[in-house]
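Chemist: Mind looking at a prediction? Sequence and model below.
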Amino acid sequence: MTMTLSEAVLAPPRTWQAAAPARIAGVGTAVPATSYTQRELLDLLHVTSPKVRSLFLNSAIERRHLVLPPAGADGERRPEAQGELLAKHKRNALDMGGRAVRACLDDAGFRLEDVAYLCCVTTTGFLSPGLSAYLIDALGLDPSCGRADIVGMGCNAGLNGLGAVTSWAVAHPGRLAVMVCTEACSAAYVMDATMRTAVVNSLFGDGAAAVALVADPPEGGRENGQGDEGGSAAGPRVLSTASLLITDAIAAMRYDWDDDQGRFSFYIDPDVPYVVGAHAEQVVDRLLTPAGLRREDVSHWLVHSGGKKVIDAVRVNLGLTRHDVRHTRSVLRDYGNLSSGSFLFSYERLLREGVVRAGDYGVMMTMGPGSTIETALIQW
């Protein structure tokens, strides 16, 4: 039976109720060693424009981890060619991604040899074979490990990847799946005098985040030798996901080729916060209603640190408190916008806070190019 367009749009979110849901068993993050305050960046890059300086200093960002362009003999930071940026992406995405995966497995109590499926998410560079192949080789994972690469979906892509990895874990109970979001945003910059460039350069930071997922085998059994000694599945269950593509704003956030610069360049429309905010209720209610939940039933909100205005727009439209988005704000303050992995930095901070109780519901929410809003419902 074929669904009509309206039926497809209004279809309930995807759920994994037929089998044991996958649980998030561990999380790990990594950033480059070098970090800078916003003021330090302005001084290092010799930015004198009052408008650009105001943009940096009023961003609600205090510090970002970045790999800056190399300094010449005169101390000036020279622009890198597109080929150099791609090489920087490969080098730093592999380094951060590998460290995040190791930290995630340590947190979950698994070993590298336990990984049966790897999904790599990135938008800040392109590789073929994909980043997953290079990471399997670099970490010494089993060459028969299943893999997938999600490339070019932007800041929302972490939840797109989580949906795919959750489906794999549910279909392979007892086996370990890992997703890593690794974004070398300093390999995706342009240096010029435009406000378009200034907005992007004031916002993004480098970072990687990984999560391990596993679904319990039937009746607590084991598969492929994995059981209690192979790691713990303690953690929230991923119950369902829901997404919304805002087609009227499909070009409002994009990463495309800039002929004048001879490289790729990111663009964010000034109206993006209001577009995302205006549609937040629709997708969140689609996520919660089939589960018989209301927004006030959600104890924990893990929202993408997209920027001060984006966070405020989502908070106001969903009726959230400042406390609800405290980790979203603190990640933005300490790291900037980390693209696809931002929400997992917030998730890690929530766990470290020690306030989660059994039975609590949480909503993960990311926003990005498309314009797109992705959500996931989790329960401890």
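Modeler: Perfect, I can see it now. Residues are numbered from 1 along each chain as shown.
Chemist: quick one: the helices in the chain?
Modeler: Under the criterion DSSP state H, the chain contains helices at 5-9, 38-44, 50-57, 82-108, 131-139, 157-171, 195-201, 272-288, 308-318, 326-335, 342-353.
Chemist: and residue 338, how many residues sit next to it?
Modeler: Per other CB atoms under 10 Å, the neighbour tally for residue 338 reads 31. The C-beta positions use only the backbone N, C-alpha and C, and glycine is treated the same way.
Chemist: measure it to residue 285 for me?
Modeler: Separation of residue 338 from residue 285 (CB to CB, to the nearest Å) stands at 27 Å.
Chemist: picking up where we left off before, ok, which of the helices of the chain comes nearest residue 256?
Modeler: Nearest of the helices of the chain to residue 256, taken as CB to CB: helix 195-201 at 11.9 Å.
Chemist: what comes up buried for the closest one?
Modeler: With burial defined by 16 or more other CB atoms under 10 Å, the residues of helix 195-201 counted as buried are 196-201.
Chemist: With stretch 76-96 instead?
Modeler: Buried residues in stretch 76-96 (16+ other CB under 10 Å): 80, 85-86, 88-90, 92-96.
Chemist: List the contacts of that stretch.
Modeler: Residues outside stretch 76-96 that contact it (CB atoms under 8 Å, 6 or more residues apart in numbering) are 30-32, 44-46, 67-72, 122, 124-127, 131, 134-135, 138, 182-184, 186-189, 191, 206-208, 262-264.
Chemist: what about this protein, any weak spots by pLDDT?
Modeler: In the prediction, the chain carries residues with pLDDT under 70 at positions 1-19, 219-233.
Chemist: Where do the domain boundaries of it fall?
Modeler: Here the domain parsing of the chain from automatic domain parsing is 24-230, 235-379.
Chemist: now the last one, how far from the chain's geometric center?
Modeler: Relative to the chain's own centre, domain 235-379 is displaced by 9 Å; criterion: CA atoms, centre = their mean, to the nearest Å.
Chemist: And the first one, by the same measure?
Modeler: If you compare the mean C-alpha spot of domain 24-230 with that of the full chain, they lie 8 Å apart, counting by CA atoms, centre = their mean.
Chemist: picking up where we left off before, from the contacts of stretch 76-96, which would you call buried?
Modeler: Buried residues within those, counting neighbours by 16+ other CB under 10 Å: 30-32, 45, 67, 69, 122, 124-125, 127, 131, 134-135, 182-184, 186-189, 206-208, 263-264.
Chemist: CSV for the helices of the chain, including distance to residue 178?
Modeler: Listed next are the helices of the chain as CSV, based on distance: least, CB to CB, whole Å:
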stretch, distance to residue 178
helix 5-9, 31
helix 38-44, 33
helix 50-57, 35
helix 82-108, 6
helix 131-139, 10
helix 157-171, 7
helix 195-201, 29
helix 272-288, 24
helix 308-318, 28
helix 326-335, 21
helix 342-353, 12
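Chemist: for those helices, which one sits closest to residue 375?
Modeler: helix 272-288 (4.7 Å).
Chemist: Output that closest one as CSV, restricted to C-alpha atoms.
Modeler: Written as CSV, here are the backbone C-alpha positions of helix 272-288 (Å, rounded to 0.1, in the frame of the first residue of the first chain):
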residue,chain,number,x,y,z
VAL,A,272,18.0,30.6,10.8
PRO,A,273,17.4,30.9,14.5
TYR,A,274,13.8,32.0,14.0
VAL,A,275,13.1,29.4,11.3
VAL,A,276,14.4,26.6,13.5
GLY,A,277,12.6,28.0,16.6
ALA,A,278,9.3,28.3,14.7
HIS,A,279,9.4,24.6,13.7
ALA,A,280,10.7,23.1,17.0
GLU,A,281,7.4,22.4,18.5
GLN,A,282,6.1,20.5,15.5
VAL,A,283,8.9,17.9,15.5
VAL,A,284,9.2,17.5,19.2
ASP,A,285,5.4,16.9,19.6
ARG,A,286,5.6,14.3,16.9
LEU,A,287,8.3,12.6,18.8
LEU,A,288,6.5,12.7,22.2
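Chemist: tell me what that helix is packed against?
Modeler: Judged by 3 or more CB pairs under 8 Å, 6 or more residues apart in numbering; DSSP states H and E, helix 272-288 is in contact with strand 237-245, helix 308-318, strand 361-368, strand 372-379.
Chemist: change it to 6 Å
Modeler: For helix 272-288, the elements it packs on are strand 237-245, helix 308-318, strand 372-379, judged by 3 or more CB pairs under 6 Å, 6 or more residues apart in numbering; DSSP states H and E.
Chemist: wait, which of the helices of the chain is closest to residue 371?
Modeler: Closest approach to residue 371 among those is made by helix 272-288 (5.8 Å; CB to CB).
Chemist: who's in contact with residue 318?
Modeler: Residues counted as contacts of residue 318 (CB atoms under 6 Å, 6 or more residues apart in numbering) are residue 280.
Chemist: quick thing: my sequence starts at 411, can you match it?
Modeler: Sure, I'll start counting at 411 from here, so that last one is residue 728.
Chemist: For residue 711, see how far away it is.
Modeler: Residue 728 sits 8 Å away from residue 711, going by CB to CB.
Chemist: Likewise for residue 767?
Modeler: Separation of residue 767 from residue 711 (CB to CB) stands at 16 Å.
Chemist: neighbour-wise, which of the two wins?
Modeler: Remark: of residue 767 and residue 711, residue 711 carries more neighbours, 25 against 7, as counted by other CB under 10 Å.
Chemist: Could you give the bridge partners of the more buried one?
Modeler: Residue 711 has these beta-bridge partners by DSSP bridges: residue 773.
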